[in-house]
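Engineer: how would this look folded up:
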Amino acid sequence: MATQEQLSIKLKQLGIRLTPQRLAIAEVVVNSGDHPSVKDVYERVKAFFPYVTLATVYSTLDVLEKASIVRQLPFQRQSRYDANLEPHANLVCIGCGTVVDADVGQRMVAELRKMVEDESEFEVASQRVDFYGWCSGCSRDRASHGNQSPR
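Structural biologist: The predicted model follows:
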């Protein structure tokens, strides 16, 4: 978790104009474990800054992405934002749509990336590994309703 002070310092070092709304948007994404969508960020920031606009959220997320503080994860329904830029896997629930970082496998994803770079003539700019399934809550719901077969 990054503090407001740490985020302020980093944003200033990158030459990003700092406003309370921008700082709040950065804080929501960086300290969120659930890879929020634009709508999620907007709703969370709006609780503290009622006059923030959706345009401000979009433009700030764009600035944060260009500054390599977050990255956009496009999905079919909506994009999500991830502040973990290290090689890792995402767990995507096909029941409720949550997206979280896997607690395991980071080393293997990093090793795979290195192998691809070392053993091919391909320069990797980024990678993304997603596992699709059901989170614990959705899995319990499926079991309680007798729907244990994959959809």
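
Engineer: From now on I want contacts and neighbour counts done on CA atoms only, so please keep to that.
Structural biologist: Fine.

Engineer: what residues does stretch 105-117 touch?
Structural biologist: Applying Cα atoms under 8 Å, 6 or more residues apart in numbering, the external contacts of stretch 105-117 come out as 87-89, 122-124, 127, 129.

Engineer: farthest-separated two in these?
Structural biologist: Farthest apart among the contacts of stretch 105-117 by Cα to Cα are 89 and 122. That separation is 20.9 Å.

Engineer: returning to what we had before: any chance of the contacts of stretch 105-117 in JSON lines, plus distance to residue 37?
Structural biologist: As requested, the contacts of stretch 105-117 are arranged in JSON lines below (distance: Cα to Cα, whole Å):
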{"residue": "87", "distance to residue 37": "20"}
{"residue": "88", "distance to residue 37": "19"}
{"residue": "89", "distance to residue 37": "18"}
{"residue": "122", "distance to residue 37": "31"}
{"residue": "123", "distance to residue 37": "29"}
{"residue": "124", "distance to residue 37": "26"}
{"residue": "127", "distance to residue 37": "20"}
{"residue": "129", "distance to residue 37": "18"}
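
Engineer: Make CSV out of these and add distance to residue 26, neighbour count and secondary structure.
Structural biologist: Listed next are the contacts of stretch 105-117 as CSV, based on distance: Cα to Cα, whole Å; neighbours: other Cα atoms under 10 Å; DSSP: H, G, I helix; E, B strand; the rest coil:
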residue, distance to residue 26, neighbour count, secondary structure
87, 21, 19, coil
88, 21, 21, coil
89, 22, 20, strand
122, 33, 9, coil
123, 30, 10, coil
124, 27, 10, coil
127, 22, 14, coil
129, 24, 11, strand
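
Engineer: where in the protein is pLDDT low?
Structural biologist: The chain contains residues with pLDDT under 70 at 147-151.

Engineer: Strands of that one, start to end?
Structural biologist: 71-73, 80-82, 89-93, 99-101, 129-133 (DSSP state E).
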